[in-house]
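Visitor: I would like the atomic coordinates for the input below:
(one chain, ligands or ions: 1)
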Amino acid sequence: MASIWSAPNPILFGFGAAAQTGAELIKLGCKKALVVFDKGVAAAGISARIIRILSHAGIQTVPFDGVLADPPDWSVEAAGALGASEKVDCVVGVGGGSSLDTAKGAKLLIANPPPLSRYYGREGVVTKPSVPLIAIPTTAGTGSECTPGGVITDTKRGIKTNIAGIGCAVTLGIVDPELTLGLPPSVTASTGMDALCHCAESLTSARANAVSAVTGREGIALVSKYLVRAVRDGSDRAAREGMMLASALGGISMSGALCHLSHDIGRSLGAKFHVPHGNGCAACLPQVLEAIAPVKAEQTRYFAESFGAALPPNAPPDEIGRAASDAARRLMKEISLPPLRELVPGLSGLLSVVPEEVVMQCEMAAKNGIVTSPLPVTRELISDILTRAYEEN
Ligand SMILES: [Fe+2]
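Guide: Purely as a prediction, here's the structure:
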């Protein structure tokens, strides 16, 4: 059977790489950049640093500091309108997933007429090429610098949706671990778990492919080695570099293979309860691993063993599932990730909206030929995963 994966855009990787942003834009023939970031990135002084680098290279800058978490469609449209009215010839996104996804949407709208809703979808979205986009992540989690699309909140329907196509493609990712040195432990933990979920879910996706088999595994190995270190000591440069690489590999791994149950649930927790993306996606990871072990035993075993589980060679799938689940739960405790029960108002509220929405989203995706979960997605399955995550983690 044919599988699909994306060859990622070029990535400039390493400590100090951000200093080359201006020179890279000059090579692309650019003169005026829309620089997209949020107030947190501004407060950390990172956007000012990038703007200084661009100015030194002779690039004019138009700042857009209105990025919001779970980017609402209207804020992305505002960024695109600013870029179009200022006639910029490139976009630079600086920040976490929300900033990079807003930058992708802004790029798209510079060459394609609004509203953004015309370009919702994952595959088969027709867009015109637009100006170059440089994506500079400041967290190690999203991998958005390596993915060909973004996630936007459709405020009319109150759901998260995707934008995709050549119109929002990244031209160059500049991945500089130095930009993550000042991240607080809680952000390092939640974004790091996002990277881990990208790797674990793409590795076990119904659309897993030859690339996710390699990059997903390597990403899991890097997270197992470096996430606890990066959370405990933010100045640990090797750990920061390892997590940045894990994040980028996670982005490559999920391009094509995509994510499944943990992200499906996490997106719903984000849209309904404003749970931060990494926390929401990780909240049910132990139970998801246990649920999929019977159909993805070899990959689940790899996950468990990467985090130190000792399994006999002939371990049955339920033993493998429990070992993977325990390993994920142990990691979450070690990095002080808040459990699901601390993220939502209560179990009954959770069960009254999330299973329904996850099933609806998966059914909609299936209508477009996109099936990622290795198990049939039913209300019963999602309710069981949520209930156990709420009570056990
Ligand atoms: Fe994610």
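Visitor: pLDDT below threshold where in the protein?
Guide: Scanning the chain with the threshold set as pLDDT under 70 gives 1-7.
Visitor: now the strands for it?
Guide: Using DSSP state E, the strands of the chain run over residues 11-13, 32-36, 60-64, 90-95, 133-137, 150-154, 159-163, 172-175.
Visitor: can you list those strands in a markdown table and add mean neighbour count?
Guide: In short, each C-beta sits where N, CA and C put it, glycine included. As requested, these are exported to a markdown table (neighbours: other Cβ atoms under 10 Å):
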| stretch | mean neighbour count |
| --- | --- |
| strand 11-13 | 17 |
| strand 32-36 | 27 |
| strand 60-64 | 18 |
| strand 90-95 | 30 |
| strand 133-137 | 29 |
| strand 150-154 | 23 |
| strand 159-163 | 21 |
| strand 172-175 | 24 |
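Visitor: Turn those strands into a markdown table, columns for distance to residue 189.
Guide: Formatted as a markdown table, these follow (distance: least, Cβ to Cβ, whole Å):
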| stretch | distance to residue 189 |
| --- | --- |
| strand 11-13 | 23 |
| strand 32-36 | 25 |
| strand 60-64 | 28 |
| strand 90-95 | 18 |
| strand 133-137 | 16 |
| strand 150-154 | 21 |
| strand 159-163 | 22 |
| strand 172-175 | 20 |
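Visitor: Out of the ones you listed, which gets nearest to residue 349?
Guide: Nearest to residue 349, of all the strands of the chain, is strand 159-163, at 17.7 Å by Cβ to Cβ.
Visitor: right, so of the strands of the chain, which gets closest to residue 213?
Guide: Comparing the strands of the chain against residue 213 with Cβ to Cβ, the closest turns out to be strand 11-13 (20.0 Å).
Visitor: can you count the residues close to the closest residue to residue 158 other than its chain neighbours?
Guide: Among residues not flanking residue 158 along the chain, residue 271 sits closest, at 6.2 Å (Cβ to Cβ, 6 or more residues apart in numbering). Residue 271 has 22 neighbouring residues, counting by other Cβ atoms under 10 Å.
Visitor: Residue 271 and residue 346, how far apart?
Guide: For residue 271, the distance to residue 346 (Cβ to Cβ, to the nearest Å) stands at 18 Å.
Visitor: Same question for residue 287.
Guide: In terms of Cβ to Cβ, residue 287 sits 18 Å off from residue 346.
Visitor: So between those two, which is more surrounded?
Guide: More crowded of residue 287 and residue 346, by other Cβ under 10 Å: residue 287, with 27 against 10.
Visitor: Contact partners for the more buried one?
Guide: With contact taken as Cβ atoms under 8 Å, 6 or more residues apart in numbering, residue 287 is in contact with 325, 384, 385, 388, 389, 392, 393.
Visitor: Any chance of JSON lines for these, columns distance to residue 374 and neighbour count?
Guide: Shown next, in JSON lines, are the contacts of residue 287 (distance: Cβ to Cβ, whole Å; neighbours: other Cβ atoms under 10 Å):
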{"residue": "325", "distance to residue 374": "16", "neighbour count": "25"}
{"residue": "384", "distance to residue 374": "16", "neighbour count": "14"}
{"residue": "385", "distance to residue 374": "13", "neighbour count": "24"}
{"residue": "388", "distance to residue 374": "18", "neighbour count": "17"}
{"residue": "389", "distance to residue 374": "18", "neighbour count": "25"}
{"residue": "392", "distance to residue 374": "21", "neighbour count": "14"}
{"residue": "393", "distance to residue 374": "21", "neighbour count": "22"}
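Visitor: Distance to residue 41 for those residues - can I get that in CSV?
Guide: Formatted as CSV, the contacts of residue 287 follow (distance: Cβ to Cβ, whole Å):
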residue, distance to residue 41
325, 35
384, 39
385, 34
388, 37
389, 31
392, 36
393, 31
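Visitor: Between these, which sits nearest residue 368?
Guide: Each of these was scored against residue 368 by Cβ to Cβ, and residue 385 proved nearest at 23.9 Å.
Visitor: wait, the closest one sits on residue 264?
Guide: No. Residue 385 is beyond contact range of residue 264, at 10.2 Å (criterion: Cβ atoms under 8 Å).
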